[in-house]
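Novice: this is the structure alone, sequence omitted:
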């Protein structure tokens, strides 16, 4: 009995230490633009952070945020408009839009730029305007490595189809009005990145990036020809 009690006490202490080790380093409700700095696109804050220019291909907004150890990034995103040229092309299934987040940014580009300092861009992309043999065709999860503000390249090993194109297009009509949660855990010690599936609780996809490039001073949200509303932004230091 004493051993059981001791075991329970040890478990309780371990759980307390784990909770204590976690600390919220950023939490934005977007009642104002706060510490975010726009760098392309038209951004406003009113309970959510909205990028309102559906034609902007390089819309981005930066926030200074030191990244080290193991940390968790959470936010929600809601479609607000764009992604197609006109109604006619939309009925033909011709779409092109994307959104994502730059992590590990050493020096954020202050204005419109293709790259964003030294960083990684975790990107969700829908494109049916390119040929079917293009690495960008369909609904894809992609990782780009940014070397400078002008040099950013798709990492071929991290370019995967999220859903078959017919399935993806059948879901397009259900996107408006739907808020999708995003959760990412980044380990800057060993380079592991976990991206959680928004449709399956506790299910995640993982891959490894250069840990030296995951340590950064800025983080950035980004869209391409898409108006989107970001909310519930929270970064937690796990250890």
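Specialist: Arrived safely, thanks for sending. Source: prediction; values computed, not measured.
Novice: pLDDT weak spots in this protein?
Specialist: Within the chain, the ranges that satisfy pLDDT under 70 run 1-21.
Novice: one more pass at 50, please.
Specialist: Along the chain, segments meeting pLDDT under 50 span 1-20.
Novice: where do the helices sit along it?
Specialist: Per DSSP state H, the chain carries helices over the ranges 2-21, 87-91, 165-171, 211-214.
Novice: in the last one, what's buried?
Specialist: Think helix 211-214. With burial defined by 16 or more other C-beta atoms under 10 Å, the residues of helix 211-214 counted as buried are 213, 214. (C-beta placed from N, C-alpha, C; glycine too.)
Novice: do the same with the third one
Specialist: In terms of neighbour count (16+ other C-beta under 10 Å), helix 165-171 has its buried residues at 165, 168, 169.
Novice: the closest residue to the last one other than its chain neighbours - how many residues pack around it?
Specialist: It refers to residue 169. Distances taken as C-beta to C-beta, 6 or more residues apart in numbering place residue 93 nearest to residue 169, at 5.3 Å, with adjacent residues excluded. Using other C-beta atoms under 10 Å, residue 93 has 13 other residues around it.
Novice: residue 76 now?
Specialist: Using other C-beta under 10 Å, residue 76 has 16 neighbouring residues.
Novice: for it, list each beta-bridge partner.
Specialist: Counting by DSSP bridges, residue 76 is bridged to residue 181, residue 231.
Novice: contacts only, for it.
Specialist: 179, 180, 181, 182, 230, 231, 232 (C-beta atoms under 8 Å, 6 or more residues apart in numbering).
Novice: what about it, distance to residue 229?
Specialist: From residue 76 across to residue 229, the span is 8 Å (C-beta to C-beta, to the nearest Å).
Novice: how much space separates residue 215 from residue 190?
Specialist: Look at residue 215 and residue 190: by C-beta to C-beta, they are 12 Å apart.
Novice: number of residues surrounding residue 136?
Specialist: Using other C-beta under 10 Å: residue 136 sits among 17 other residues.
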